[in-house]
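J.: Make a model of this:
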Amino acid sequence: MYLKSMNLKGFKSFASSTTLNFEQGITCVVGPNGSGKSNVVDALSWVMGEQGAKSLRGGKMEDVIFAGTSGRAPLGRAEVSVTIDNADGVLPIDFSEVTITRVLFRNGSSEYLLNGETTRLLDIQELLSDSGIGREMHVIVGQGQLDAILLANPEERRAFIEEAAGVLKHRKRKEKAIRKLDSMQTNLARIQDLTVELRRQLRPLGKQAEVARKASVIQSDVRDAKLRLMADDMLRMRNEMELEVADENVLRQRKEQVEAELNTARNREIELDAIAASENPQLIAAQENFYRLTAQREQIRGVQNLSSERARFLAEEAEEAKATGRDPDALDQEARILRSEESTLANQVRSSQEQLNTDSSSLKAIEEKLALEENRVSAALRAIADQREGTARQEGHINGLRSRIDATTGEVSRLTSAKDLVEIRLKNYRENFAQIETQISALSSSEPGLDSLFDKLKAELKNSENNLKLLSDKLQSTEKLRAGSLGRLTAFKEISELVQSVSNSELISKISALTTECEQEVNKVNADCDRIKFELSGLNEELNKVNKEYELVLSKLNDSDAAMTGLAEQLAISGQNVKNTVEELDRLGSALGAANDQKNSDERDLAAAIAQFESHQTPVEPDLTNLEDLRSQVSAARSKEVEARLSLRTIEERKDAIAQRAIALENQAAAERESESRSISRRENRAQAAITAQEIADTAYEALIQIESSISRSGIERERLEASRSSREGEILNLRTISRELAVELEKLTSSVHRDEIARAEQRLRIEQLETKAVEELGIDVQTLISEYGPNNDVPTFYENEQGEFVPGDLIPYRRDQQEKRLAQAERSLTLLGKINPLALEEYSSLEERLRYLAEQLEDLKKTKKDLLDIIKEVDDRVQQIFTEAYEDTAREFEIVFSRLFPGGDGKLILTNPSDMLTSGVDVEARPPGKRVKRLSLLSGGERSLVAVALLIAIFKARPSPFYVMDEVEAALDDTNLGRLLGVFEELREKSQLIIITHQKRTMEIADALYGVTMRGDGVSEVISQRIREVDAVS
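T.: Below is the predicted model of the structure:
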């Protein structure tokens, strides 16, 4: 594995994309000061994860981005990619080449890429640490780091060896385990406290749970009794409702029958009205026919009389004419008399015609009045029937509205009461909710103080523990020092006793002086031990005090957390209660509003119905007197008209006869005057006229007989039609009476049906309320209630055994009185139990389960603690082993390298605490030839650099890495020391790749490749490469 190439773009002075292809062996980067050589080292550190801006010789991380020059604008990003040859598989990744890229943007965002894929910095650091390249980059030695290595404290020098040995990942593992252990220790103490508290709470809660268990059994008994009584009530109400439905069906059937009969009567009345409407014209026609035939009869009778009279007259006149002729003057005189009588009859005809017209007009007017009166009476009778039927329906509607208003009023009262109760309950819930919120606010306001006090005490406790540990370590080291001093003192005393026999006063005085000095040292060490013990005792007391305060505050925090948890649960329950109650209140409000709306609507309908009912007057039977009077007047007027017609006809016939007689007399007189010769002819004519008149009279007699027969038939038809009308009017009156009776009965039936509907609705409402109560209060549906708790099911019994447990007994038949007694007894028993915590059983079970869970967690934590301690011990053993081996190898290599760099000198590494290889620091002793210095700062600059390089090379040789980067580490060396160092570099190149930033020509001479870095005029660094081996081969 080795660095294959590196590409820089926008990094510091490398504005343009610059690629450096590295060779195995030694690669030197040279160039004048300020050309950007060290930026190559910074780029390697940066791309491999360096996070400190000062380590990169900058003030902030964005300083690595090319800032621009007078001739070139600044860039917005810096990017460095390094390619590592992994053909030997040192890096634990399945790639023969690994390219690591880091990009930084001027806005502060950055990203890492591994072979073009985005990755994390931690992944890159772990990948490199497995290959011997530590996270602190000990393989890259920048400017000024040599002095930092020498001036570092022993623990920091130890870190260099640990990093090279790969101890860092084990220490990270240990630190992670210690953090887990600290966190677990806190959790362990808290769980132990919680366990104690839970056990303390479990005892009284167990008693409450026992009471709750008994109460649960009694409540189950109460619930069972209530369910059985409720099922009995449900079946009883359903049976009553079925009977009511059967009665209502009978009433409905009777109502339908009455409605059918009423409709039949009304239809018959309508039919009779239709018959009357069709027969009235027939009756009028029959009456007119009767009157017409009567008039014809009188007319024919007049014709008969006139014809008989004329025949008799002609016969007599013929006889007279036959005996003697008449005097023409006498005939004229008679004709004049007849003309005078004709004039009188003409006046009588006009008078009779006027009387006939008057009688006809009077008859027509009376008939019209009669028709109007008959129509009025018929309409009045129909209106009365309709009004009575409407009145009955209106009364039924009014009664139904009143019943519905009463039911709605009851429902409004019930909903109002329920709403008031729910509002009271909501108010209590909200007050409870506000109290809990107040308690939570009080606890929340007190917790920050406890938290800050807890953090403060925790920090004091940790500080005290650290101080205690330091004092303990100091006391331990002082005790060791005292033991060593006491040992030396004992040895000096023993030597002093042995020397007493020697007569060498100088030796005795020296040993006495040493003994005195040693005693003084022992006394001083004892005083230090006593002082440290005193400080340790005080610190222990302070630690105990802080620990007690810490535990007290922790207990308060635990109590506050427990109280907060309980209050949070109560707040959630109270909030749910408030939410449920608000929903119930909204539901009741909606139901109450709907009921009030229904009630107001029904009241408006009732008021309108009552007003309409009162506006309808009681129907009055029509007055038939006027109708009968009109009928009598019509009959009298018709008789009078017939008489007037007959009289007119008679007078007209007499007038015509007299006129004819006068004409005849006139003609006769003229004839008498004409000639006697025509007298015979006249007699014959008269005789013939008498015969004709007689024939007319006979014909009129026969017509009169036929007319009399027609009049008889017309009278019979007239009487039949009048009898039919009278019968029909009587039937109509009877039908109207029946209709009134049926309407009254229908009204009563409608009211009864409506009352039954209201009663059934109320019963159904009670059943629905019972069903709702079963579902909402007892949580059971109706089918399950009847099937499992109906009166047909046997009732289980329970008795309490010696252990206080309720066990099932025999089944007994259901009896309502027993169940009512059982319910009352169970409710009394429930009352005797006093206040019951309904959540005690659940809380006890939950608390017991939580205690069991905490016990399991406690065991798991203890097991985990043991595992973590084992891991820590394992890591410590492994770290101790790795560090010991690495230290021994480094110390050995350091002596070898130091002896080569400082021939005749003495250099070695010393552990500050050899008894504790886990924490012991590493000190450097360096004695160049001819010098006895105890402090490295007394060495010259070149010697310090050479000692630091010796330490680094010892580390490199003890734990080799694939490559090393050194920035002007030999700058302070002279030629002799430089030659020795280059010899060491020659040895390192055999196993590792070296990249050296240098100004030394001799260093350049051993390089396999040479890169020259120059600064162009625009302030941008430029790289020129050259393979030295190829140049030598060409030479």
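J.: Go ahead and confirm residue 353 touches residue 647.
T.: No - applying Cβ atoms under 8 Å as the test, residue 353 and residue 647 come out as separate, 10.2 Å apart. Placement of C-beta: from N, CA and C, glycine included.
J.: so how far is residue 291 from residue 645?
T.: Applying Cβ to Cβ, to the nearest Å, the value for residue 645 to residue 291 is 8 Å.
J.: higher neighbour count, those two?
T.: Shown here are residue 645 and residue 291; by other Cβ atoms under 10 Å, residue 645 has more neighbours (23 against 19).
J.: pretty sure the more buried one is in contact with residue 297, am I right?
T.: No - in terms of Cβ under 8 Å, residue 645 does not count as a neighbour of residue 297; the distance is 11.3 Å.
J.: now the stretch 801-950 of the chain, which segments are flagged as low pLDDT?
T.: 801-810, 930, 932-938 (pLDDT under 70).
J.: show me what contacts residue 1014?
T.: Shown in contact with residue 1014 (Cβ atoms under 8 Å, 6 or more residues apart in numbering): 31, 32, 35, 1021, 1022, 1024.
J.: Pull up the gap between the residue lying closest to residue 465 once chain neighbours are set aside and residue 878, please.
T.: Leaving aside its sequence neighbours, residue 465 sits nearest to residue 543 (Cβ to Cβ, 6 or more residues apart in numbering; 6.9 Å). Residue 543 sits 32 Å away from residue 878, taking Cβ to Cβ as the criterion.
J.: more neighbours, those two?
T.: Shown here are residue 543 and residue 878; by other Cβ under 10 Å, residue 543 has more neighbours (19 against 14).
J.: The more buried one: what's it in contact with?
T.: Residue 543 neighbours (Cβ under 8 Å, 6+ apart): 461, 464, 465, 468.
J.: now those residues in CSV, with secondary structure and pLDDT?
T.: Below are these laid out as CSV (DSSP: H, G, I helix; E, B strand; the rest coil; pLDDT from 0 to 100):
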residue, secondary structure, pLDDT
461, helix, 72
464, helix, 73
465, helix, 74
468, helix, 73
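J.: ranking the residues you listed by neighbours, who comes first?
T.: With neighbours defined as other Cβ under 10 Å, the most crowded of those is residue 464; it has 20 neighbours.
J.: What about residue 243, how many residues nearby?
T.: 10.
J.: Kindly report the same for residue 584.
T.: Other residues close to residue 584 by other Cβ under 10 Å number 16.
J.: Same question for residue 95.
T.: By other Cβ under 10 Å, 13 other residues sit near residue 95.
J.: quick one: the helix or strand hosting residue 595 to chain centroid distance?
T.: Taking DSSP states H and E as the criterion, residue 595 maps to helix 505-615. Using Cα atoms, centre = their mean, to the nearest Å, the mean C-alpha position of helix 505-615 is found 32 Å from that of the whole chain.
J.: mean confidence for the helix or strand following it?
T.: Going down the chain from helix 505-615, the next helix or strand is helix 625-674, by DSSP H and E. On average, the pLDDT along helix 625-674 is 71.
J.: quick one: helix 625-674 to chain centroid distance?
T.: Offset of helix 625-674 from its chain centre (Cα atoms, centre = their mean): 109 Å.
J.: Beyond it, next helix or strand please.
T.: helix 678-776.
J.: quick one, strands of the stretch 51-200 of the chain?
T.: Applying DSSP state E, counting those that start in this stretch to the stretch 51-200 of the chain gives strands spanning 77-85, 97-105, 110-114, 117-119, 140-141.
J.: now for these, which one comes closest to residue 210?
T.: Evaluated over those, closeness to residue 210 peaks at strand 117-119, with 62.5 Å, by Cβ to Cβ.
J.: just the helices in the stretch 851-1000 of the chain please.
T.: Secondary structure of the stretch 851-1000 of the chain by DSSP state H, counting those that start in this stretch: the helices cover 941-958, 975-988.
J.: could you dump the first one to PDB, C-alpha only?
T.: Meaning helix 941-958. Extracted in PDB, the C-alpha atoms of helix 941-958 (Å, rounded to 0.1, in the frame of the first residue of the first chain):
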ATOM      1  CA  GLY A 941      17.900  23.600  18.300                       C
ATOM      2  CA  GLY A 942      19.500  21.000  16.100                       C
ATOM      3  CA  GLU A 943      19.800  18.600  19.000                       C
ATOM      4  CA  ARG A 944      16.100  19.000  19.900                       C
ATOM      5  CA  SER A 945      15.100  18.500  16.300                       C
ATOM      6  CA  LEU A 946      17.300  15.400  16.100                       C
ATOM      7  CA  VAL A 947      15.900  14.000  19.300                       C
ATOM      8  CA  ALA A 948      12.400  14.500  18.100                       C
ATOM      9  CA  VAL A 949      13.200  12.900  14.800                       C
ATOM     10  CA  ALA A 950      14.800  10.000  16.600                       C
ATOM     11  CA  LEU A 951      11.600   9.500  18.600                       C
ATOM     12  CA  LEU A 952       9.400   9.700  15.600                       C
ATOM     13  CA  ILE A 953      11.700   7.300  13.600                       C
ATOM     14  CA  ALA A 954      11.700   4.900  16.500                       C
ATOM     15  CA  ILE A 955       7.900   4.900  16.500                       C
ATOM     16  CA  PHE A 956       7.900   4.500  12.700                       C
ATOM     17  CA  LYS A 957      10.200   1.500  13.000                       C
ATOM     18  CA  ALA A 958       8.400  -0.100  15.900                       C
END
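J.: Give the buried residues for that helix.
T.: 943-958 (16 or more other Cβ atoms under 10 Å).
J.: Closest to residue 749 out of these?
T.: residue 955 (119.7 Å).
J.: what's the closest non-adjacent residue to the closest one?
T.: If you skip the residues right next to it in sequence, residue 955 has residue 164 as its closest partner in space, 4.8 Å away by Cβ to Cβ, 6+ apart.
J.: just checking, that neighbour touches residue 959?
T.: Yes - using Cβ under 8 Å, residue 164 is in contact with residue 959, at 4.1 Å.
J.: The two: which is more packed in?
T.: residue 164 (26 against 22).
J.: From residue 914, how far out is that one?
T.: Remark: distance between residue 164 and residue 914 (Cβ to Cβ) = 20 Å.
J.: And for residue 219?
T.: 77 Å.
J.: neighbour count winner among those two?
T.: Between residue 219 and residue 914, residue 219 has the larger neighbour count (other Cβ under 10 Å), namely 17 against 8.
J.: Count the residues that sit near residue 10.
T.: By other Cβ under 10 Å, the residues close to residue 10 number 21.
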